[in-house]
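*Asks:* how would this look folded up:
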Amino acid sequence: MQRQEQDAVVGTVVVGSGDERIGRVEAAFADYLLVRTLTVIPVDLYVPRLELSAGDEARTLTVACSPSEAYARWHRPLRRAPHD
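*Replies:* Numbers count the residues shown, from 1 in each chain. The predicted model follows:
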C-alpha cells in the first residue's frame, strides 16, 4: 500500500476493476479494512490491506477485481446462528 494512514480513513471509497464502486471503509484494523458495500442491502467485506492500492482520486482505494469477485473473496457470513 502506498499511502499508509490516509488510506485507512473511514469513509474512503473502494473501487474495483472498471471503476465500479464496491463500498466505503467503515473501520480500519491492522491487517484489513472493513468495507460496507453500496448495495440496497449492505454487506460487510473484510478486505486485506495488501489487496488495496491508492486510487486515482483523493480518498479512493482500488482493488483488482469486480464487485462480485470482491464479495466472493472477502465476505464472511456467520457459519451458524449465535444461539445454536
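
*Asks:* which element is the residue nearest the centre of the chain on?
*Replies:* Here the mean C-alpha position of the chain is nearest to the C-alpha of residue 35 (Cα atoms, centre = their mean), at a distance of 3.6 Å. Assigned by DSSP states H and E, residue 35 belongs to strand 32-37.

*Asks:* what comes into contact with the longest strand belonging to the chain?
*Replies:* When the chain is parsed with DSSP state E, its longest strand is strand 21-28. The contact list for strand 21-28 (Cβ atoms under 8 Å, 6 or more residues apart in numbering) reads 8-16, 33-38, 42, 44-45, 61, 63, 67, 70. Placement of C-beta: from N, CA and C, glycine included.

*Asks:* Go again with 7 Å.
*Replies:* 8-16, 33-38, 45, 63, 67, 70 (Cβ atoms under 7 Å, 6 or more residues apart in numbering).

*Asks:* which regions of the protein sit below the pLDDT cut-off?
*Replies:* Within the chain, the stretches with pLDDT under 70 are 1-8, 78-84.

*Asks:* where exactly do the helices run in it?
*Replies:* 67-74 (DSSP state H).

*Asks:* neighbours of residue 11, just the number please.
*Replies:* Applying other Cβ atoms under 10 Å, we find 8 residues neighbouring residue 11.
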